[in-house]
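A.B. asks: the sequence isn't on hand, but the structure is:
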């Protein structure tokens with residue numbers, strides 16, 4: 001931990017020195033809410049979000065906060081260790097083309113509905129709820145990457161192996177669930193004359209209410225859908241590798257972890273709801289994934305179970321520039337040269353791609369140094385080829 005702020009009702013514990021003003025203001029607001037438990041934890045990749053900083057961890061007693069999970073419910077990472085130890089540039093380019101044929105990117109969906117068996121079970125979903133209303137369209141979205149900072153990356157590990165990594169979420173179904181229950185919470189909070197001001201964007205649902213139970217149910221479905229989404233993409237990517245390395249390719253290890261969700265946990269001898277918004281669970285011995293930018297290393301890590309972070313760590317490098325700010329201020333040629341010099345097959349082509357350039361992100365080395373008390377590094381992963389949504 002780098003610093004503790006004790007000026008609010010509850011402490012704010014930070015794993016970084018240089019938190020931006022907007023993110024700190026959001027953390028201060030959270031620290032004064034009456035249902036917050038123990039303290040606020042801010043991870044080293046933190047930056048301003050909507051209502052709550054990205055890279056924030058919030059534990060609550062008796063309530064759940066939809067906006068402390070966010071709109072991309074279940075967004076997270078998966079990584080696959082392969083038996084391959086090297087791969088040529090020519091083969092990488094062939095693999096990238098094959099992936100683009102099988103995995104829709106950005107706003108694109110599959111033309112046909114995918115097999116219902118690929119979807120999470122629906123036995124417990126809310127009748128006539130948001131999930132039920134989105135199920136049919138979600139069958140065209142499962143196995144698709146999405147846009148923004150979502151990516152597919154081929155990497156070389158410090159363990160000598162080629163890895164495949166995916167960052168993606170719950171697509172439109174997660175967005176619809178998030179928006180529906182946040183609006184519901186705002187309306188109820190106004191009716192109750194709640195101290196959670198609407199302008200602060202942290203409306204809550206008391207856990208004993210039906211609305212909270214329904215949100216918890218639908219949120220969990222979106223977490224499961226996001227995992228199923230990543231699994232289908234990974235299976236399709238594996239099929240491309242198998243074609244390129246006929247009879248020589250095999251899978252060695254699979255890791256999956258989400259970074260936008262809420263769940264019941266036992267923290268400080270108390271049952272609380274831990275919300276992680278752009279933060280990763282790092283319980284003792286738990287394997288996790290911390291990606292960098294498309295020009296820097298990513299990491300397979302093992303959690304240390306640090307109670308002060310509510311057993312959490314960062315979910316990535318974290319943005320240092322907003323998307324529009326990156327497009328305005330970064331030098332396109334310099335960012336391309338930075339990637340070309342490393343021999344990375346990347347996705348920076350025009351000014352509009354600069355929002356995902358390495359210069360838009362924090363220094364992953366500093367981020368990892370700041371959380372040495374949260375995780376141990378198991379494998380360092382260097383990018384070879386990147387597809388961005």
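C.D. replies: Now that the structure is in, tell me what you want to look at. Everything quoted here is computed from the prediction, not taken from an experiment.
A.B. asks: for residue 13, which residues are in contact?
C.D. replies: 1, 3, 4, 39, 40, 41, 42, 308, 309 (Cβ atoms under 8 Å, 6 or more residues apart in numbering). All C-beta atoms are positioned from the backbone trio N, CA, C, and that covers glycine.
A.B. asks: I'd like to know which of those are buried.
C.D. replies: 1, 39, 40, 41, 42, 308, 309 (16 or more other Cβ atoms under 10 Å).
A.B. asks: in CSV, list the residues you listed along with pLDDT.
C.D. replies: What follows is these, written out as CSV (pLDDT from 0 to 100):
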residue, pLDDT
1, 95
39, 98
40, 98
41, 98
42, 98
308, 98
309, 98
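A.B. asks: of the residues you listed, closest to residue 375?
C.D. replies: residue 309 (9.8 Å; Cβ to Cβ).
A.B. asks: hmm, the closest one is touching residue 56, no?
C.D. replies: No - using Cβ atoms under 8 Å, residue 309 is not in contact with residue 56, being 10.9 Å away.
A.B. asks: what do the two both touch?
C.D. replies: Overlap of the contact sets of residue 309 and residue 56 (by Cβ under 8 Å, 6+ apart) consists of 41, 43.
A.B. asks: nearest residue to residue 49 other than its sequence neighbours?
C.D. replies: residue 277 (6.4 Å; Cβ to Cβ, 6 or more residues apart in numbering).
A.B. asks: and the helices in the stretch 101-250 of the chain?
C.D. replies: Along the stretch 101-250 of the chain, counting by DSSP state H, counting those that start in this stretch, helices occupy 130-141, 171-191, 210-244.
A.B. asks: need the outlier residue of this protein, farthest from its centre.
C.D. replies: Here the chain reaches farthest from its C-alpha mean at residue 247, the gap being 33.8 Å by Cα atoms, centre = their mean.
A.B. asks: report pLDDT for residue 139.
C.D. replies: Looking at residue 139, its pLDDT is 97.
A.B. asks: tell me how many other residues crowd it.
C.D. replies: Residue 139 has 18 neighbours, counted by other Cβ atoms under 10 Å.
A.B. asks: pretty sure it contacts residue 117?
C.D. replies: No - the pair residue 139 / residue 117 is not scored as a contact, 10.7 Å apart, by Cβ under 8 Å.
A.B. asks: how close does the closest residue to residue 83 other than its chain neighbours get to residue 162?
C.D. replies: Spatial nearest neighbour of residue 83, chain neighbours left out: residue 250 (4.6 Å); criterion: Cβ to Cβ, 6+ apart. The gap separating residue 250 from residue 162 is 11 Å, by Cβ to Cβ, to the nearest Å.
A.B. asks: between these two, what contacts are shared?
C.D. replies: residue 82.
A.B. asks: same drill for those two, tell me which one is more crowded.
C.D. replies: Neighbour totals were compared for residue 250 and residue 162, and residue 162 leads with 22 against 12 (other Cβ under 10 Å).
A.B. asks: so what's the more buried one bridging to?
C.D. replies: Assessed by DSSP bridges, residue 162 has beta-bridge partners residue 156.
A.B. asks: my read: it touches residue 88, true?
C.D. replies: No - judged on Cβ under 8 Å, residue 162 makes no contact with residue 88 at a distance of 11.4 Å.
A.B. asks: ok, residue 4 - contacts?
C.D. replies: 11, 12, 13, 14.
A.B. asks: which of these has the most neighbours?
C.D. replies: Result: residue 14 is most packed of those (other Cβ under 10 Å), 24 neighbours.
A.B. asks: which residues does that one contact?
C.D. replies: So residue 14 contacts 1, 2, 3, 4, 5, 27, 42, 46 (Cβ under 8 Å, 6+ apart).
A.B. asks: so what secondary structure elements neighbour the longest strand anywhere in the chain?
C.D. replies: Within the chain, and with DSSP state E defining each element, the longest strand by residue count is strand 375-388. Applying 3 or more Cβ pairs under 8 Å, 6 or more residues apart in numbering; DSSP states H and E, one finds that strand 375-388 contacts helix 89-102, strand 151-157, strand 162-168, strand 287-290, strand 298-303.
A.B. asks: what's the average pLDDT for that strand?
C.D. replies: Mean predicted lDDT for strand 375-388 stands at 97.
A.B. asks: check stretch 258-268 too.
C.D. replies: 98.
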